[in-house]
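Colleague: Take this sequence and fold it.
(one chain, ligands or ions: 1)
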Amino acid sequence: MLKVKAISKAYETSDVRTHAISDVSLDIAEGEFVAIMGPSGCGKSTLLNILGLLDRADTGRTELLGEDLSQASDRDLTRVRRSTIGFVFQSFNLVDELTVVQNVELGLLYRGFGARERRERIEAALDQVGMRHRARHVPKQLSGGQQQRVAVARAIVCAPRLILADEPTGNLDSANGAAVMQLLKDAVGRGTTVVMVTHSLAQADQADRRIQLLDGRIVSQTQLGA
Ligand SMILES: Nc1ncnc2c1ncn2[C@@H]1O[C@H](COP(=O)(O)OP(=O)(O)OP(=O)(O)O)[C@@H](O)[C@H]1O
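Modeller: Presented below is the predicted three-dimensional model:
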């Protein structure tokens, strides 16, 4: 469902050129759970941003659901991103001024759902992450684990075909990390494709495939599970 072929990306600053991603090719199947690992600075976030259409590769091809997006306009990328992809970040990225319900509602508003469908979907998503009892709270009234569960609700409320998670448990203790992992696995169980960056081998081993990056290149891939 998601393919990149020979993508590279470099960042230029005044005096240095950093090759963040070099000649990476990946083919991710619908419903697959993929974990990406690697040391700090090896290009994990850059790769995830390209997979999530938040950033463009300098060269190579990006395909999502059979559509070649390498030359797509920013407008088309935004359209495809909003209709297909949910994001979960290490630092939760909730809007401080909005309640739990309003945070989860944002993605639905972008996509033009009516009031009744929004309410039903929000209730279902908050039920799934066990946060309905905190619906009227704002993020600072929640623990980190609770905030990340709300962020997962925001990601799943539109029923995206693909979830991209950048170190989703990086700021959580092990119990909350395990809970967020379970929510991602639940999404995979419903047929959602999940690509997750993690520093935890124990978490990566819960995926279907573990990909190791080093200096912007894939150095190994391990097929896991049954
Ligand atoms: N906007 C930018 N401008 C210049 N260099 C950048 C930029 N973003 C990332 N880089 C560089 O590109 C390389 C890859 O960065 P990236 O954030 O993808 O790594 P990462 O594996 O996600 O790291 P970490 O685990 O520390 O988050 C690094 O050397 C980084 O310094």
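Colleague: any idea how far the ligand is from Arg132?
Modeller: Using Cβ to the nearest ligand atom, to the nearest Å, Arg132 is found at 33 Å from the ligand. C-beta here means a position set from N, CA and C on the backbone, and glycine is covered the same way.
Colleague: Output the longest helix belonging to this structure.
Modeller: helix 174-189 (DSSP state H).
Colleague: Buried residues of that one, list them for me.
Modeller: For helix 174-189, the neighbour count (16 or more other Cβ atoms under 10 Å) marks Asn176, Gly177, Ala179, Val180, Met181, Leu183, Leu184, Ala187, Val188 as buried.
Colleague: Just want the phi and psi numbers for the residue nearest the centre of the chain.
Modeller: Closest to where the C-alpha atoms of the chain average out (Cα atoms, centre = their mean) is Leu164, at 1.6 Å. Dihedral pair for Leu164: phi -110, psi 130, per degrees, to the nearest 10.
Colleague: Show me which residues of this structure sit near the ligand.
Modeller: By Cβ under 6 Å from any ligand atom, the part of the chain that sits against the ligand consists of Tyr11, Thr13, Thr18, Ala20, Gly38, Ser40, Gly41, Cys42, Gly43, Lys44, Ser45, Thr46.
Colleague: Give me the buried entries from those.
Modeller: Taking 16+ other Cβ under 10 Å as the criterion, what is buried in the residues of the chain next to the ligand is Ala20, Gly38, Cys42, Gly43, Lys44, Ser45, Thr46.
Colleague: what are the phi and psi values for the second one?
Modeller: Taking degrees, to the nearest 10, you get phi 160, psi 160 for the backbone angles of Gly38.
Colleague: give me every residue that touches the closest residue to it other than its chain neighbours.
Modeller: What sits nearest to Gly38 in space, not counting adjacent residues and going by Cβ to Cβ, 6 or more residues apart in numbering, is Leu213, at 3.6 Å. Contacts for Leu213 were tallied using Cβ atoms under 8 Å, 6 or more residues apart in numbering; they are Ile36, Met37, Gly38, Cys42, Gly43, Lys44, Leu47, Val219.
Colleague: Quick check: which element contains the closest residue in space to Ala20 that isn't next to it in sequence?
Modeller: Nearest non-adjacent residue to Ala20, counting by Cβ to Cβ, 6+ apart: Thr46, 4.1 Å away. Taking DSSP states H and E as the criterion, Thr46 maps to helix 44-51.
Colleague: I'd like to know the average pLDDT value across the following helix or strand past that helix.
Modeller: Using DSSP H and E, the helix or strand that follows helix 44-51 in sequence is strand 59-64. For strand 59-64, mean pLDDT is 97.
Colleague: Stretch 19-26 too?
Modeller: Averaged across stretch 19-26, the pLDDT comes to 97.
Colleague: how close does the closest residue to Thr59 other than its chain neighbours sit to the ligand?
Modeller: The shortest distance from Thr59 to any non-neighbouring residue, by Cβ to Cβ, 6+ apart, is to Ser8 (5.0 Å). Relative to the ligand, Ser8 is positioned 12 Å away (Cβ to the nearest ligand atom).
Colleague: And Ser8, what's its pLDDT?
Modeller: Here the pLDDT value assigned to Ser8 is 98.
Colleague: For it, grab the count of nearby residues.
Modeller: Residues near Ser8, counting by other Cβ atoms under 10 Å, number 17.
Colleague: Likewise for Gln221?
Modeller: When neighbours are defined as other Cβ under 10 Å, Gln221 has 11 of them.
Colleague: what is it paired to in the beta sheet?
Modeller: Ile211 (DSSP bridges).
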